[in-house]
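A.B. asks: Sharing a sequence plus its predicted fold:
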Amino acid sequence: MEKATFAAGCFWGVEHAFRQVPGVQDAACGYIGGHIDHPTYEQVCTDRTGHAEAVEVTFDPTRVSYTELLDAFWRMHDPTTLNRQGPDFGTQYRSGIFYHSEEQRRLAEESKAALQAGFGKPIVTEINEAGPFWRAEEYHQQYFDKRGMYSCG
């Protein structure tokens, strides 16, 4: 199994979308990219911790490639809106790819460049090395499935 980490706005929808991809073994909501350890949802929502709401994906590379996960990521959000997805705004809702290897970094940069060639607006998705991923509180995990809803807005 391998890990991939993505931020694309409200993590509930991102987690649900990745769980639908064949070959994804697990997807967990959490926080990445900030400057405090073990942040809480309330802290992240202040927009002062530097964390993004993110999803850590555990996948079987023999069943789904990292490139296929990148393709799913690009389709599930608008990568041209800075610090915003739908009704949610703040740096915690930024678009980001957090790579776990140099191969993931290379593929993410190539994927972004190829997508940018077809877009009229600049893609603002950040590409950074994955640092600590702090799993979100349990009530955030599989939030949509627990509530029978499938939209953050």
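C.D. replies: Yep, it's here.

A.B. asks: And the pLDDT for Q85?
C.D. replies: pLDDT recorded at Q85 is 89.

A.B. asks: how much space between the closest residue in space to it that isn't next to it in sequence and F119?
C.D. replies: Excluding the flanking residues, the one nearest Q85 by C-beta to C-beta, 6 or more residues apart in numbering is G9, at 2.6 Å. For every residue, glycine as well, the C-beta is placed using N, CA and C. Distance of G9 to F119, given as C-beta to C-beta, to the nearest Å: 17 Å.

A.B. asks: Of these two, give the one with the bigger neighbour count.
C.D. replies: When neighbours are counted by other C-beta atoms under 10 Å, G9 and F119 differ, and G9 comes out ahead with 26 against 10.

A.B. asks: dump the residue contacts of that one.
C.D. replies: By C-beta atoms under 8 Å, 6 or more residues apart in numbering, G9 lies in contact with E53, H77, R84, Q85, G86, D88, Y93, S95, C152.

A.B. asks: Among these, which one lies nearest to S65?
C.D. replies: Using C-beta to C-beta, the shortest approach to S65 within the contacts of G9 belongs to H77, at 19.9 Å.

A.B. asks: mind checking which helix or strand the closest one is in?
C.D. replies: Under the criterion DSSP states H and E, no helix or strand holds H77.

A.B. asks: Can you find the helix or strand of this protein with the lowest average pLDDT?
C.D. replies: helix 143-147 (a mean of 77; mean pLDDT, DSSP states H and E).
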